[in-house]
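S.K.: Structure here, sequence nowhere to be found:
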Ligand code: FAD
Ligand code: NAP
């Protein structure tokens, strides 16, 4: 550690604090891996985490029914074959509890917790140009300094509270899926209202319905969901998993969604009706989000998409007995797959229960939350409990809440006012020595985030090591390189159907947020190859500077 005196934006000298090599904000899967890998590389690293323990998403989202929608064997770290060998997933799609246990095991195994400060929310981050260091201030007023700052703050870590009249006046119990209590919540015999039918609400609902006296689901936008044929692994499965792991990892490393899935070899528009139906049936039986990738043209050609949509609609009508409810559950205003398809456990069947009611807010909007429940234009719902599954300020929210101040007066909230501009998602012009992990500009949420996190962290640490070894003080992406990347990202997105949905990928769920497609949709493998090439070309697109001004 080198003691340095840093300066604030007005040029005042700030009190001395040790300058580390790296600060990592966030102890989710990305931050945990970053801190471990940096330590292994001999760097002086400190992690800062707002929560009280590791796990990020899997620490906070403890709602009933929470599970991964990427198969457990893929949704796990690949950096250590020994870790892979010693951990056995019990089910095909693991529960939140099992994923958290896995992350707890990883934290213990690699002594990750001792390099984190918990209950430590970063409130501000300022780059000092004179010393090329980042100063980070916590909500408690502590300052930490480092040459490099890695924001592993999560793309789905800023939950939102809906702006509904009287939302704070409800006298019963209130829960957010993304901030679920650690203590057991007993819903037995209670009248429960659930607002929100994205992945979180749809996963939670069937479990809640089994416990509660009644469940009223307030749905604004219907979502496509494909049941997960989950199952407990047998000993034979475990043997096969171990045997196939190396190949599975190899295939995933450069695959489009960072998982071993492959689409049908032909386009949906090239095959006859029988072959198409068989492919959809097979994919539906496999279950979950990857139904959106049954055919390679499904997300780019509306004709292909319509085939998939019609198939899913027929499934809904077959399962849900009340034709009006079935109709309300069928999305009307976006192509299938352009909002993340949910991976559920008995969601459509749940509507055949007597204690479950669907309120279609498009026909009958909420007018007010009262102390006794929810009022809509046409009805009154007396409730004991309200569950909010209302989503996140995705991709940018955690970063803009900190609102880092970079070089030459740059402030992230200003720089991104018209939508995020990044270089390969990981670098931001105006913000030297800052890495953004799985944020806008990267495939992130469109890929298996475990593999994605490892790729992002490895790439950023390679850049940091290059600077370390070559005596470089600042690494900053060029403005033109970032603009070119962002234009490319937009161009790729514009050729897909994704831009037709008012999704959180587009920032459409946040009032006033610039609507633009934020993740890179050209495929994880393609992205990874581009990142490899940039790295191998000496981090092309970056300006690498020593304090003497040399290149
Ligand atoms: P996170 O896990 O979000 O961790 C970020 C951490 O940063 C958090 O702990 C947060 O407290 C901390 N933080 C943020 N701001 C600050 C601050 N200012 N100061 C200090 N700390 C801060 N992806 C998949 O690929 N497959 C899945 O099956 C899947 N399921 C999901 C289920 C749910 C319920 C949700 C919400 C998301 C799911 N995702 C899934 C996406 C998921 O977010 C990622 O897979 C992954 O867990 C993200 O890891 P991360 O480390 O990037 O971020
Ligand atoms: P989400 O997909 O954004 O869903 C939020 C829901 O709340 C939407 O149905 C939204 O309706 C509704 N809503 C928001 N404000 C409302 C209001 N004022 N009145 C009525 N309804 C309102 O959020 P999420 O379900 O938490 O999922 C976010 C992402 O996290 C997922 O897409 C997925 O990537 C990840 N995730 C994955 C899993 C998994 O299966 N492993 C589970 C949970 C989450 P509108 O659509 O009309 O805005």
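M.R.: Sure thing, it's come through. In this text, all values refer to a predicted model and were calculated from it rather than measured experimentally. Ligands and ions are numbered 1, 2, ... in the order given.

S.K.: mean confidence score for the helix or strand hosting residue 205?
M.R.: Assigned by DSSP states H and E, residue 205 belongs to helix 199-211. Computed over helix 199-211, the mean pLDDT rounds to 98.

S.K.: Determine the three-state secondary structure at the closest residue to ligand 1 within the stretch 251-400 of the chain.
M.R.: Closest to ligand 1 within the stretch 251-400 of the chain is residue 398: 4.2 Å, counting by CB to the nearest ligand atom. C-beta here means a position set from N, CA and C on the backbone, and glycine is covered the same way. What DSSP: H, G, I helix; E, B strand; the rest coil gives for residue 398 is helix.

S.K.: how about the residues of the protein near ligand 1?
M.R.: 25-31, 48-51, 56-57, 61, 66, 68-70, 75, 121-122, 152-154, 156-157, 200, 398, 402, 437-438, 448-449, 453 (CB under 6 Å from any ligand atom).

S.K.: now the residues you listed: which count as buried?
M.R.: 25-31, 48-51, 56-57, 61, 66, 68-70, 75, 122, 152-154, 156-157, 200, 398, 402, 437-438, 448-449, 453 (16 or more other CB atoms under 10 Å).

S.K.: Check which helices and strands the helix holding residue 205 sits against.
M.R.: Contacts defined by 3 or more CB pairs under 8 Å, 6 or more residues apart in numbering; DSSP states H and E place helix 199-211 against strand 191-195, strand 214-219, strand 342-344, helix 347-350, strand 385-388.

S.K.: The helix or strand just after the fourth one pairs with which strands, and in what direction?
M.R.: What that stands for is helix 347-350. Scanning forward in sequence from helix 347-350 by DSSP H and E, the next helix or strand is strand 356-360. Applying DSSP bridges, strand 356-360 is found paired with strand 214-219 (parallel).

S.K.: The partner strand to strand 191-195, inter-axis angle?
M.R.: Per axes from the mean of the first three to the mean of the last three CA atoms, to 10 degrees, the angle that strand 214-219 makes with strand 191-195 is 10 degrees.

S.K.: Can you point out the buried residues in strand 214-219?
M.R.: For strand 214-219, using 16+ other CB under 10 Å, the buried residues are 214-219.

S.K.: Equivalent analysis for stretch 226-237, please.
M.R.: Buried-residue list, stretch 226-237, by 16+ other CB under 10 Å: 226-228, 230, 233.

S.K.: what do you get for stretch 375-385?
M.R.: In stretch 375-385, counting by 16+ other CB under 10 Å, buried: 375-376, 381, 383-385.

S.K.: Residue 314 is nearest to which of the helices and strands packed on helix 199-211?
M.R.: helix 347-350 (11.9 Å; CB to CB).

S.K.: Mind listing residues that contact the closest one?
M.R.: Helix 347-350 is contacted from outside by 202, 205-206, 209, 225, 227, 315-316, 319-320, 329, 356, using CB atoms under 8 Å, 6 or more residues apart in numbering.

S.K.: Just the closest residue of the chain to ligand 2, please.
M.R.: Closest point on the chain to ligand 2, by CB to the nearest ligand atom, is residue 198, at 2.2 Å.

S.K.: tell me the contacts of that residue?
M.R.: 223, 339-340, 342, 389, 391.

S.K.: do the same with residue 63
M.R.: By CB under 8 Å, 6+ apart, the neighbours of residue 63 are 96, 175, 177, 180, 200, 203-204, 387, 389.

S.K.: Just the closest of these to ligand 1, please.
M.R.: Among the contacts of residue 63, and counting by CB to the nearest ligand atom, the member closest to ligand 1 is residue 200, at 5.5 Å.

S.K.: Which helix or strand lies directly C-terminal to the worst-scoring helix or strand of the chain on mean pLDDT?
M.R.: Within the chain, no helix or strand scores below strand 2-4, which has a mean of 38 by mean pLDDT, DSSP states H and E. The helix or strand immediately downstream of strand 2-4 is strand 17-25, counting by DSSP H and E.

S.K.: and that next one, average pLDDT?
M.R.: 93.

S.K.: sorry, back to before: determine which two of the contacts of residue 63 are furthest apart.
M.R.: 96 and 387 (15.4 Å).

S.K.: For those two, indicate the residue with more neighbours.
M.R.: In this comparison of residue 96 against residue 387, neighbours counted by other CB atoms under 10 Å, the higher total goes to residue 387 at 29 against 22.

S.K.: For the more buried one, list the residues it contacts.
M.R.: Counted by CB under 8 Å, 6+ apart, residue 387 has contacts 63, 174-177, 192-195, 201, 204, 208.

S.K.: how close does it get to residue 196?
M.R.: Distance, residue 387 to residue 196, by CB to CB, to the nearest Å: 8 Å.

S.K.: Spell out which residues of the stretch 151-300 of the chain are next to ligand 2.
M.R.: Proximity of the stretch 151-300 of the chain to ligand 2, by CB under 6 Å from any ligand atom, involves residues 156, 162, 164, 195-201, 203, 218, 220-221.

S.K.: again, 8 Å this time
M.R.: 156, 159-160, 162-164, 177-178, 195-203, 218-221, 223, 288-289 (CB under 8 Å from any ligand atom).

S.K.: Leaving out sequence neighbours, find the closest residue to residue 398.
M.R.: residue 153 (3.7 Å; CB to CB, 6 or more residues apart in numbering).
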